[in-house]
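A.B. asks: Give the three-dimensional model of this entry:
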Amino acid sequence: MKPPPEVLAYYDRFAEETRLELGPSRLELERTKEILSRVLPPPPARIVDVGGAAGIYSSWLAGLGYEVHLVDASPRLVDEAGRRNAALERPIASLAVGDARSLPQPDACADAVLVMGPLYHLTAQDDRDAALREAFRVLTVSGVAVVAAVSRYASALDGLSRKLTRDPEFVSIRDRDLADGQHRNESNHPEYFTTAYFHRPEDLHAELERAGFRAVNVLGVEGPAWILADFDLRWADSGLRTDILDTARAFESERSVQGISAHLLGIGRK
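C.D. replies: Numbering: from 1, shown residues only. Model prediction:
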C-alpha cells in the first residue's frame with residue numbers, strides 16, 4: 001500500500017526536510033517538542049517515528065538517549081534522513097521506507113509511537129483507522145501514541161492571513177476543506193499543499209478511541225500566532241516569542257479555540 005502518487009510526488013519536490021526551520025513552522029517545531037517532552041516516557045525508551053520524514057524529531061530524540069526507529073513513505077526523505085543520520089553522535093537506530101497502515105515493527109515492541117504526518121494524507125476513514133490500529137499494535141501495554149493532524153480550519157486561516165482568497169482556485173479548496181475536510185489541490189499550485197484530510201479536534205479524539213486508545217487527549221499546537229503577518233519579527237524578539245508560546249499553551253486544551261492551531265496532537269495510551 002502506498003499514499004496517492006501525487007502525495008509522493010509532492011514530497012519529492014517539496015523541501016519538507018527544512019520546513020520546520022522556517023517561518024511559523026518554527027512554532028510548530030518548538031511546541032511539538034515541548035508536548036513530546038511532557039508525555040513521552042524517559043530515555044532510553046524505544047520510539048517508532050511513523051512519518052518521520054528526514055528525521056527532525058527522530059534525531060532530536062536519539063540525541064536525548066532514546067532508541068528511535070524511523071519509518072516514512074517517501075524514499076527521498078528516508079534517504080535524506082540516512083544522510084543526516086550518518087553525522088549524528090547518537091544516531092537513529094533504524095530507518096525504513098514503509099506504510100503507516102502496515103508497519104515493519106513486531107507487536108508490542110515500542111514504548112511510544114509517533115504518527116507525525118500519515119493521517120494528513122490518508123483521506124479515507126478506513127485507512128486512518130488502519131494506521132492507528134498499527135500504532136496500537138506495536139505499542140507495549142501502557143505505551144503512548146502521539147498523533148499529528150492538520151486542523152480543519154488551517155486553509156481558511158492561512159488564506160485570510162496571506163490574502164489567498166484573491167485566487168478562485170484557492171477559495172474552492174478552502175470551501176471543500178470547511179465542508180468535509182477533504183483537501184484537494186487540483187491546480188497543483190505549489191503553495192496549496194497536496195491531497196489530504198483535515199481534522200476537527202473531536203474527529204481526532206474519536207479516531208483514537210475507535211482504535212482502542214484510552215485516556216485520549218487532543219491539544220492544539222500553535223495557537224493563533226502562526227497567522228501573524230509579522231511572525232518572523234516577533235519570533236526574533238525573546239519577549240514576544242515568550243508571549244507567542246504562552247498563548248499557545250493557554251489555548252492548547254480549550255476546545256472552543258483549538259481549531260485555530262494549524263496542527264493538532266492527539267495523545268492516547270494502550
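A.B. asks: Beta-bridge partners for the residue lying closest to His205 once chain neighbours are set aside, please?
C.D. replies: Leaving aside its chain neighbours, His205 sits nearest to Val218 (4.9 Å; criterion: C-beta to C-beta, 6 or more residues apart in numbering). Where C-beta positions appear, they are placed from N, C-alpha and C, glycine not excepted. Beta-bridge pairing of Val218 under DSSP bridges involves Gly266.
A.B. asks: thinking Val218 is in contact with Leu265, fair?
C.D. replies: Yes: between Val218 and Leu265 there is a contact under C-beta atoms under 8 Å: 7.2 Å.
A.B. asks: ranges for the strands of the stretch 101-250 of the chain?
C.D. replies: 110-115, 139-150, 182-183, 196-197, 214-220 (DSSP state E, counting those that start in this stretch).
A.B. asks: I'd like these as a markdown table, with mean neighbour count and mean pLDDT appended.
C.D. replies: Below are the strands of the stretch 101-250 of the chain laid out as a markdown table (neighbours: other C-beta atoms under 10 Å; pLDDT from 0 to 100):
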| stretch | mean neighbour count | mean pLDDT |
| --- | --- | --- |
| strand 110-115 | 26 | 98 |
| strand 139-150 | 21 | 98 |
| strand 182-183 | 18 | 98 |
| strand 196-197 | 23 | 98 |
| strand 214-220 | 18 | 98 |
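A.B. asks: Would you format those strands as CSV with distance to Gly65 included?
C.D. replies: As requested, those are arranged in CSV below (distance: least, C-beta to C-beta, whole Å):
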stretch, distance to Gly65
strand 110-115, 13
strand 139-150, 17
strand 182-183, 37
strand 196-197, 34
strand 214-220, 25
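A.B. asks: Which among the ones you listed is found nearest to Ser37?
C.D. replies: Among the strands of the stretch 101-250 of the chain, the nearest to Ser37 by C-beta to C-beta is strand 139-150 (11.1 Å).
A.B. asks: quick check: angle from the closest one to strand 214-220?
C.D. replies: 30 degrees (axes from the mean of the first three to the mean of the last three C-alpha atoms, to 10 degrees).
A.B. asks: so what strands line up beside strand 139-150?
C.D. replies: strand 110-115 (parallel), strand 263-269 (antiparallel).
A.B. asks: From Glu80, how far out is Arg90?
C.D. replies: 18 Å (C-beta to C-beta, to the nearest Å).
A.B. asks: higher neighbour count, the two?
C.D. replies: Using other C-beta atoms under 10 Å, the more surrounded residue of Arg90 and Glu80 is Glu80, with 20 against 16.
A.B. asks: and the next element down the chain from the helix or strand containing that one?
C.D. replies: Following DSSP states H and E, one finds Glu80 within helix 75-85. Using DSSP H and E, the next helix or strand after helix 75-85 towards the C-terminus is strand 94-97.
A.B. asks: Name the strands paired with that following strand and say parallel or antiparallel.
C.D. replies: Sheet partners by DSSP bridges: for strand 94-97, these are strand 67-72 (parallel).
A.B. asks: starting at the chain centroid, how far to the helix holding Glu80?
C.D. replies: 18 Å (C-alpha atoms, centre = their mean, to the nearest Å).
A.B. asks: neighbouring contacts of that helix?
C.D. replies: Outside helix 75-85, the residues within contact range by C-beta atoms under 8 Å, 6 or more residues apart in numbering are 11-12, 16-17, 52-55, 58-59, 70, 72, 91-92, 95-97.
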